[in-house]
Each structure stands twice: as structure tokens, then as C-alpha cells.
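> sequence unavailable; structure follows:
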């Protein structure tokens, strides 16, 4: 019950001491960027944790669902830098069937985040596990490139996908050589 005596549903989770993955990749303090050092191994472990969580909700939970809002700010890190996917407020349950091609659900209105949602979902198509996989790929690109899909630099024909095609090979080589993201 809330302070007025009204009933409501709440999900209470463990406090994640290291905050969101977003503040690790894109920290802003006093309008100046300050780098938080994540090793390449730590970044890859976060990526594996997120992939494992998405695999679980898609394929192994009692009632499979689609997250529909996977982005860096919804990935929280505990004291040991273990990632937890949070904010299932937009998640959509889909019926359990033996046919994996039936893993989709309808939605009311457009939800999710610009830059992370599939173009099809943005045009009002049904949510599916493909939505989360697309968002996961954007998450990986953002992790390796250090740019948000909505960065102001993406204009005049340059978009996140084109930038990734141009910059990713060089960025990965630099990260591996430096041992950090």
C-alpha cells in the first residue's frame, strides 16, 4: 500500500552499486566527460550477462516475454560489475507455443527508445524477440564505438549504422591493443 492506503504493484530489486552501464560508457560530470575505465574483459562480461538475461526471458522463463526497451541505461551493474537487465515496464508477454515462429505479441502504440527500436517496430509492427536482438546489436555497437545511436553527429546522411561500418574495424583494433573500451 502507498502512503494514502491505495494498493499498487511494485517490484523491489537489489541496489546496484555501480549504476547503469550508460554512465560507465557516457559519463558526464559538471558538463565535462570523465572516463571510467572498463577493461575489454569487463565490457565483454557485461555483454555476455545481457545476452544471457535476454536468452532467459525469451526461451527459459515460465512465461516468455520481450523486453522492448533494452538500452544502456536499463543495464545495471552490481558491486562485482555483474550486469542485470532492468526496467521490464514495457515488456510484452507472448503465448507459449511449441512453434518458435509464433514468438511475437501485439502492442498498443509505439514504445521503446529511438535508436534502439527496430524500424519495423517503430512503424507499429508487432513486438517480437527480434526487437530485443536488434536492440542488443545496437547495445554492442554503442559499447564498441563509444557513440550513442542518437548522437548529434549523425546528420546529413551519416547515421549510426553507416558510422559503425566505417569506424568499427579501426575502433576494435584500438580497443584490443589498449585492452579497454
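The structure has been received and is ready for your questions. Just so you know, these numbers come straight off a predicted model, no measurement behind them. Numbers count the residues shown, from 1 in each chain.
> so for stretch 61-73, what's the average pLDDT?
Here stretch 61-73 scores 82 as its mean pLDDT.
> how close does the nearest residue to residue 154 once chain neighbours are set aside sit to residue 126?
Using C-beta to C-beta, 6 or more residues apart in numbering and skipping residues adjacent in sequence, the residue nearest residue 154 is residue 160, 5.8 Å away. To be clear about C-beta, it is placed using only N, CA and C from the backbone, and glycine gets the same treatment. Going from residue 160 to residue 126 by C-beta to C-beta, to the nearest Å gives 24 Å.
> before we move on, back to that, was I right about the residue nearest to residue 154 contacting residue 146?
No - Residue 160 is not in contact with residue 146 according to C-beta atoms under 8 Å; the separation is 12.0 Å.
> who has more neighbours, the two?
Taking other C-beta atoms under 10 Å, residue 160 and residue 146 do not tie; residue 160 has more neighbours (19 against 15).
> who's in contact with the more buried one?
Applying C-beta atoms under 8 Å, 6 or more residues apart in numbering, we find residue 160 in contact with 115, 138, 141, 147, 149-151, 154.
> for the helix or strand encompassing residue 164, what is the distance to the chain centroid?
If you go by DSSP states H and E, residue 164 is part of helix 160-178. Here helix 160-178 is found 19 Å from its chain centre; the criterion is C-alpha atoms, centre = their mean, to the nearest Å.
> mind starting the numbering at 27 from now?
Right, with 27 as the first residue, what we last looked at is helix 186-204.
> would you map the helices across this structure?
47-51, 66-81, 145-148, 155-171, 186-204 (DSSP state H).
> packing partners for the first one?
It refers to helix 47-51. Using 3 or more C-beta pairs under 8 Å, 6 or more residues apart in numbering; DSSP states H and E, the elements in contact with helix 47-51 are strand 101-103, helix 155-171.
> tell me the buried residues in the longest one?
Along helix 155-171, these residues count as buried under the neighbour rule (16 or more other C-beta atoms under 10 Å): 155-162, 164-171.
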